[in-house]
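Trainee: Whatever this is, show me its structure:
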Amino acid sequence: MNKMNELTVVDAECLNFADYGYYLMDAIQCQAFHGGDSNKEFMSFVDANVKDAKVKSYITDSYIYDIVSKRGLDGNDDLVDFYHKNVIDKKTMEKFDATCKQWEILRAGSPSPSFNAPDVNGNMVSLESLNGKYVYIDVWATWCGPCRGELPYMTKLEEQYAGKDIHFVGLSCDSNKLAWEKRIQNGDIKGIQLCIGPNSDFMQKYLVKGIPRFILLDREGRIIKANAPRPSDPNITKIFDELLKK
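Mentor: Next up is the predicted model:
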C-alpha cells in the first residue's frame, strides 16, 4: 500500500493519457475502501487527499456517474450532492443531470412502468393483472450466462416463498422467441414467464443496460427497488421477510 501511495501521482496534466485515469481510479479505490460504506469512504478519501480540482472532478464523475447510471438515485443523494460540489466541467455535469432526471421517475414509491406480454401459450399478462401481491421481476435472456447462473437461486426463492404474497416474474428480452419458448418448455423454470423482446418500452423506461436486472414492486404496482438484489444475494430474503410482515 505504501508503494501504491508513492505511485499514485495526482497531476491534472496526466489526464490527457487514458491509462493514467484508469490507474488513478483503481488506485484510489484500493486506498479508500476499508470494508465499510464504500460511498462514504470514497467521498471522505477524495476530500482529504485530492486537492487538484480537475483531478477531483474527473475522479468524482468516473465513480459517481457509474453508480447512479446503473443503480439509480435511491440511497445515493449524498453522492449526487458530492458530484455537484466537485465536478467542474459543464458538459459532464449536464450529462449527469440528464441521467438523474431519467432515474427520478424510478424512485421508490413511484408507479412502475407497465408491461403486457405473452406467456409461452400466447396468453397476455399485464403488470396490472398482478396487483395484490408483491412482484419480483427478473429481466433476462436465454443467451445470458449470468442470467442462467441466477436461475437456480430463483428456483430456491420460489420454493422458499411458495404460497406467500409474491409473484415471481421472468421477462425475457430474447430476440429469438423460439429459443425462449424451447427453454421454458423444458419445465425447470417456474414462476410467471413472459417474453417482452429486446426493445420493449418497459426495458427502456427502467434504463436496463445490462442483464440480469431485478425489480421489486409493491402490491399496488409501485416501485420498491428499481434495481433489486439478485436471488443469489442473501439480502433479498431479508427484504422479502420484512415486506411480508406488513
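Trainee: surely Ile223 meets Glu104?
Mentor: No: counting by Cβ atoms under 8 Å, Ile223 does not reach Glu104; the two are 11.6 Å apart. For glycine as for every other residue, the C-beta is placed from the backbone atoms N, C-alpha and C.
Trainee: Between the two, point out the one with more neighbours.
Mentor: Ile223 (23 against 11; other Cβ atoms under 10 Å).
Trainee: got a list of contacts for the helix or strand containing that one?
Mentor: Using DSSP states H and E, Ile223 sits within strand 223-225. The list of residues contacting strand 223-225 from outside it, by Cβ atoms under 8 Å, 6 or more residues apart in numbering, reads 74, 106-112, 134, 215-218, 239, 243.
Trainee: now, which of those sits nearest Asn186?
Mentor: Ile215 (24.5 Å; Cβ to Cβ).
Trainee: and the closest residue in space to that closest one that isn't next to it in sequence, how many residues sit next to it?
Mentor: Nearest residue to Ile215, sequence neighbours excluded (Cβ to Cβ, 6 or more residues apart in numbering): Ile137, at 4.2 Å. Using other Cβ under 10 Å, Ile137 has 25 other residues around it.
Trainee: now Gln193
Mentor: 22.
Trainee: repeat for Ser112
Mentor: Neighbour tally, Ser112, other Cβ under 10 Å: 24.
Trainee: isn't it right next to Glu128, touching?
Mentor: No: counting by Cβ under 8 Å, Glu128 is not a contact partner of Ser112; they are 10.0 Å apart.
Trainee: Mutual contacts of those two, please.
Mentor: With Cβ under 8 Å, 6+ apart, Ser112 and Glu128 have common neighbours Gly221.
Trainee: mind listing the helices in this protein by residue range?
Mentor: 2-7, 18-32, 38-49, 53-71, 77-86, 90-104, 145-160, 177-185, 201-205, 235-244 (DSSP state H).
Trainee: right, and the ones you listed - which one's nearest Gly122?
Mentor: Per Cβ to Cβ, nearest to Gly122 of the helices of the chain: helix 177-185, 10.1 Å.
Trainee: which stretches of the chain have low pLDDT?
Mentor: Residue ranges of the chain with pLDDT under 70: none are present.
Trainee: Swap in 90 and give it another go.
Mentor: In the predicted model of the chain, residues 1-18, 20-21, 23-24, 27-32, 34, 186-188, 199, 209, 246 satisfy pLDDT under 90.
Trainee: Widest-spaced pair of the contacts of strand 223-225?
Mentor: Most distant of the contacts of strand 223-225, by Cβ to Cβ, are Pro111 and Ile239, 19.9 Å apart.
Trainee: the more surrounded of these two?
Mentor: The neighbour comparison of Pro111 against Ile239 (other Cβ under 10 Å) goes to Ile239, with 17 against 12.
Trainee: Verify the stated contact: the more buried one with Pro229.
Mentor: Yes: with contact defined as Cβ under 8 Å, Ile239 reaches Pro229; the gap is 7.0 Å.
Trainee: Please determine how far the residue nearest to Ile215 is located from Lys182.
Mentor: In this view, Ile137 and Lys182 are 22 Å apart by Cβ to Cβ, to the nearest Å.
Trainee: for Ser69, same thing?
Mentor: Distance from Ser69 to Lys182, by Cβ to Cβ: 34 Å.
Trainee: ditto for Asn2
Mentor: Applying Cβ to Cβ to Asn2 and Lys182 gives a distance of 56 Å.
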